[in-house]
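1. how would this look folded up:
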Amino acid sequence: MELKDDIKHVAIAGNIGAGKTTLAELLAKHFNWDVHYEDIENNPYLFDFYQDMPRWSFNLQIFFLNSRFKQILKIQKGRRTVIQDRTIYEDAKIFAPNLHAMGLMSSRDFDNYMDLFETMSSMVSPPDLLIYLKATIPTLVNQIQRRGRDYEDNLRLDYLRRLNDLYDKWASSYKAGKLLIINVDDINFADNPEDLGEVINKVSAELHGLF
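-> This is a model prediction of the structure:
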């Protein structure tokens, strides 16, 4: 099943462990979309960041910001519909502010980062649909443990909680375009075909509702 040709960009937002990559792949398969993944494997700062956050926070966030900016430019120039695993907004509205608030990114670096984000975001359009995967901490922890990424072993619960609070605050004030919130605590799209079907129906309704 494919949707209208002029839908170019669907994006999935959500905390660490919310299921963004899984849902992106399932929706891409159903709608015949391409997937743009978060560039984790090629990020030269990620492992170092989890070992020493104050030292590497700015480097890490700049890498993610640039990577996602390039993804959006590619999406907008391309002809295929793309679903994006995590958005450029999350870097600037959730992760960087959290690092700054926790004293893990200096004010000088944070101000420089936000200025760069404002410049970049002014040059790109928001997604046609933003899907926010909302989850409580127990759900996130369970899914993080299930996938067993070594560099996530040092994640602290207070770090996840702070991110979750920022996600909820951001989603509640998001006005850039269409927003679909899916409560991951109540649905298992990864293992339950009926739950996946429900998500697909909601996505279809939101996208058709654009016109």
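
2. Which pLDDT does the model give the nearest residue to His100 once chain neighbours are set aside?
-> Nearest residue to His100, sequence neighbours excluded (CB to CB, 6 or more residues apart in numbering): Phe110, at 4.1 Å. All C-beta atoms are positioned from the backbone trio N, CA, C, and that covers glycine. You'll see Phe110 listed with a pLDDT of 98.

3. Lys74 - how many residues pack around it?
-> If you count neighbours by other CB atoms under 10 Å, Lys74 ends up with 12.

4. Show the backbone phi and psi for it.
-> phi -70, psi -40 (degrees, to the nearest 10).

5. so how far is Arg162 from it?
-> As for Lys74, its distance to Arg162 is 31 Å (criterion: CB to CB, to the nearest Å).

6. Repeat that for Gln76.
-> Distance of Gln76 to Arg162, given as CB to CB: 32 Å.

7. what about those two, which has more around it?
-> Arg162 (17 against 13).

8. who's in contact with that one?
-> 98, 101-102 (CB atoms under 8 Å, 6 or more residues apart in numbering).

9. One more: Gln76?
-> Counted by CB under 8 Å, 6+ apart, Gln76 has contacts 8-9, 124-125.

10. Could you point out which residue ranges in this structure have low pLDDT?
-> Within the chain, the stretches with pLDDT under 70 are 1-5, 148-155, 209-211.

11. Show me the helices in it, by range?
-> Listed in chain order, the helices of the chain (DSSP state H) span 20-31, 46-51, 53-77, 88-90, 96-101, 107-121, 137-147, 157-173, 193-208.

12. tell me what the fourth one is packed against?
-> Spelled out, that is helix 88-90. Secondary-structure packing of helix 88-90 (3 or more CB pairs under 8 Å, 6 or more residues apart in numbering; DSSP states H and E): helix 53-77, helix 107-121, helix 157-173.

13. From the chain's centroid, how far away is it?
-> 7 Å (CA atoms, centre = their mean, to the nearest Å).

14. Then the last one?
-> Once both centres are worked out by CA atoms, centre = their mean, helix 193-208 turns out to sit 19 Å from its chain's centre.

15. Now do it: everything it contacts.
-> 3-4, 7, 10, 23, 26-27, 30-31, 128-129, 131, 178, 180, 182, 187-190.

16. Now, of these, which are buried?
-> Neighbour counting with 16 or more other CB atoms under 10 Å marks 3, 7, 10, 23, 26-27, 30-31, 128-129, 131, 178, 180, 182, 187, 189 as buried within the contacts of helix 193-208.
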